[in-house]
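Trainee: Sequence and computational prediction follow.
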Amino acid sequence: MNITHFKDALSSHLPYSSPVAVPLGEPVAVASTLSVERSDGVETGIWECTPGLWRRQIVSQEFCHFVKGRCTFTPDNGETIHIEAGDALMLPANSAGIWNVLESVRKTYVLIL
């Protein structure tokens, strides 16, 4: 059994950073990630994003727990969800919508691939 331990998810260094794939204006949000993909179809990690408006591109089912910041997510044809540190979400596969990061967010996540 392989156990992945993310020590101090709130302040761990995240080695990979890049602009979001589909920004919707300025400023362009920059996302940073520390992830582990496992052979059983699961990816887990820590993700952080700076303020900005952008379109969600992940087609996998995702569970995430926000440990820092504030944002909203507006699903296509749905109502805006207001999210802050301490909140958790379960996003179904192929859910699409708009993220609006108001204050840099950090979350832990699990993608079911």
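Mentor: Perfect, I can see it now.
Trainee: What is the end-to-end distance of stretch 87-107?
Mentor: This stretch, stretch 87-107, spans 9 Å end to end (C-alpha to C-alpha, to the nearest Å).
Trainee: So for it, what gets flagged as buried?
Mentor: L91, S95, G97, I98, W99, N100, V101, S104, V105, R106, K107 (16 or more other C-beta atoms under 10 Å). Quick note: C-beta positions are derived from backbone N, CA and C, even for glycine.
Trainee: can you pull out the strands in the chain?
Mentor: Secondary structure of the chain (DSSP state E): strands at 16-19, 30-37, 42-49, 52-55, 61-75, 81-84, 88-91, 97-112.
Trainee: who wins for proximity to T4 among those?
Mentor: When the strands of the chain are compared by C-beta to C-beta, strand 30-37 sits nearest T4, at 5.0 Å.
Trainee: got the contact list for that closest one?
Mentor: 4, 6, 12-20, 43-50, 52, 113 (C-beta atoms under 8 Å, 6 or more residues apart in numbering).
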